[in-house]
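> next come a sequence and a model predicted from it.
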Amino acid sequence: MHTANTTLADRAPAAPGSWVSKLGPGLITGAADDDPSGIATYSQAGAQFGFGMLWTLVFTYPLMVGIQIVSARIGRVTGHGLATNLRQHYPRWLLYAVVGLLLIANTINIAADVAAMGDALKLVAGGPAHWYAVGFGLVSVLLQVFVPYSRYVRVLKWLTLALLAYVATVFVVHIPWRQVAAQGLVLPRLPWTAAFVTTLVAVFGTTISPYLFFWQASQEVEELRADANARALKRAPREARAGFTRIGLDTTIGMGFSNLVAFFIMLTTAVTLHLHGITEIASSAQAASALRPIAGDFAFTLFALGIVGTGLLAIPVLAGSAAYAMAGALHWKSSLEHAPKVAPRFYAIIVVATLAGVGLVFAPIDPIKALYWSAVINGVIAIPIMAVMMLMAARVDIMGRLVIGRRLKMLGWLCTGVMAAAVAAMFLMPA
């Protein structure tokens, strides 16, 4: 993936340490992609089309890896997040439009996630779902505001284990693997109906989301700030080989974990709900509830508690990515390592975005329509963000000698093209 411009970096020795120690921003970003609203999308795809959409998660995997590596490299090479780079090198109208839409989409997504978490906990323990949602929102705010990044990131890493609930669920239901391979992988069915294309767009939009780009680039910057000896790779090109190796490993494993879990969610709902005639799922909590009479209490409990765990991981990523974007756009101090009094406006965005999302839970808003419009906004803004990222990562004045190579260019532009096609299909499909 390196070009001739990275020859100097290629001669640098690899960084010591185990591969586990290299996991961080990529792993957390990938795990946060499987948030409760994503679980609802994957569950609906499995319930409605059975094994026929499993191939999408194999297809999107290299695209996710490519575009997330590009975002991570921009952060690690320049020492700035995406919004700061946008502010420094691109028109203000593009910056403000992208950041404004990202803030709206993330707030709606937070609302959908905390509502799903409240519903899931109510299924398991009983009680008021709305007030559970408030509790989850407040816990997330308190952790982000009062726990420094160096400690909070460890909490987020442990929360990724919540996704193993969906891996475990597969082992308590019978899976006809030959049928899975024939219908979902080797010979995927492509019924180009309106419902199929709409669900396909939803899966792509859920899997490749703009907030993930902003979060991973910003977390690379946080990693730099957390290490007193670290410098942006643009200023220390001899460290690039070790840095790029870590980013590649971290992102490949993180996105692989994300898509594997999504695969198991879709597979579980396909083999239980779809094969038993349940083809309409409106939320992740409804998917968990529908599993109970078919797959038993254990599978139901794992699925429901997984929603809570993934939500606790996703909410700070959604709120944090919005705060990083706003702070970068307006040139504010921004770091989860800073105390609130050092970066008050950064933390204010985290608090406002989270609490606004919680507030929407009590509003008379159809959660399914809210998720739809969130997906539309994410899909629309993903295209210019990815296009600008690809142009940015190839500019010598931004990346120095560490511009991306041919393989990353191909993957990144292919991902951008796929998302553009998905958004075009979203608008062209009849209502």
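Structure received.
> hey, where'd the helices end up in the stretch 101-250 of the chain?
For the stretch 101-250 of the chain, helices defined by DSSP state H, counting those that start in this stretch occupy the ranges 129-146, 149-159, 164-170, 177-180, 194-207, 210-226, 240-272.
> give the buried residues for the longest one.
Residues of helix 240-272 classed as buried: 240-244, 246-248, 250-272 (neighbour count, 16 or more other CB atoms under 10 Å). Every residue, glycine included, has its C-beta placed from N, CA and C.
> neighbours of Ser71, just the number please.
By the measure other CB atoms under 10 Å, the count of residues near Ser71 is 31.
> which SSE is it in?
Per DSSP states H and E, Ser71 falls inside helix 55-78.
> quick one: that helix to helix 210-226, angle?
40 degrees (axes from the mean of the first three to the mean of the last three CA atoms, to 10 degrees).
> for helix 55-78, packing partners?
If you count contacts as 3 or more CB pairs under 8 Å, 6 or more residues apart in numbering; DSSP states H and E, helix 55-78 packs onto helix 25-32, helix 82-89, helix 194-207, helix 210-226, helix 240-272, helix 367-393, helix 396-399, helix 406-428.
> list the buried residues in it.
Buried-residue list, helix 55-78, by 16+ other CB under 10 Å: 55-57, 60-61, 63-78.
> what do you get for stretch 133-143?
Buried residues in stretch 133-143, counted by 16+ other CB under 10 Å: Ala133, Val134, Gly135, Phe136, Gly137, Ser140, Val141, Leu143.
> circling back: give the rounded mean pLDDT of the helix holding Ser71.
The pLDDT scores in helix 55-78 average 93.
> ditto for stretch 136-149
84.
> and the contacts of it?
For stretch 136-149, the external contacting residues (CB atoms under 8 Å, 6 or more residues apart in numbering) are 110, 114, 117-118, 152, 155, 222, 225-226, 308, 311-312, 315-316, 319-320, 335-337, 340, 347, 350-351, 354-355, 357-358.
> do stretch 180-189 as well
Phe49, Gly50, Phe51, Gly52, Met53, Leu54, Trp55, Val58, Leu267, Ala270.
> just the closest of those to Asp34, please.
Comparing the contacts of stretch 180-189 against Asp34 with CB to CB places Leu267 closest, at 13.7 Å.
> from Thr169, how far off is that closest one?
9 Å (CB to CB, to the nearest Å).
> with Arg92 instead?
According to CB to CB, Arg92 stands 47 Å off from Thr169.
> more neighbours, those two?
Using other CB under 10 Å, the more surrounded residue of Arg92 and Thr169 is Thr169, with 25 against 10.
> quick revisit: could the helices and strands packed on helix 55-78 go into a markdown table alongside mean pLDDT?
A markdown table is the format used below for these (pLDDT from 0 to 100):
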| stretch | mean pLDDT |
| --- | --- |
| helix 25-32 | 73 |
| helix 82-89 | 94 |
| helix 194-207 | 79 |
| helix 210-226 | 88 |
| helix 240-272 | 88 |
| helix 367-393 | 80 |
| helix 396-399 | 94 |
| helix 406-428 | 87 |
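> OK, contacts around Gly296?
So Gly296 contacts Val172 (CB under 8 Å, 6+ apart).
> hmm, which of the contacts of stretch 136-149 are the buried ones?
Buried members of those, scored by 16+ other CB under 10 Å, are 110, 114, 117-118, 152, 222, 226, 308, 311-312, 315-316, 319-320, 335-336, 347, 350-351, 354-355, 357-358.
> hang on, Val423 packs against Gly379?
Yes. Using CB atoms under 8 Å, Val423 is in contact with Gly379, at 4.6 Å.
> anything in contact with each of the two?
Val201.
> out of the two, which sits in the more crowded spot?
Gly379 (26 against 20).
> OK, contacts around that one?
Shown in contact with Gly379 (CB under 8 Å, 6+ apart): Val201, Phe204, Gly205, Met419, Ala422, Val423, Met426.
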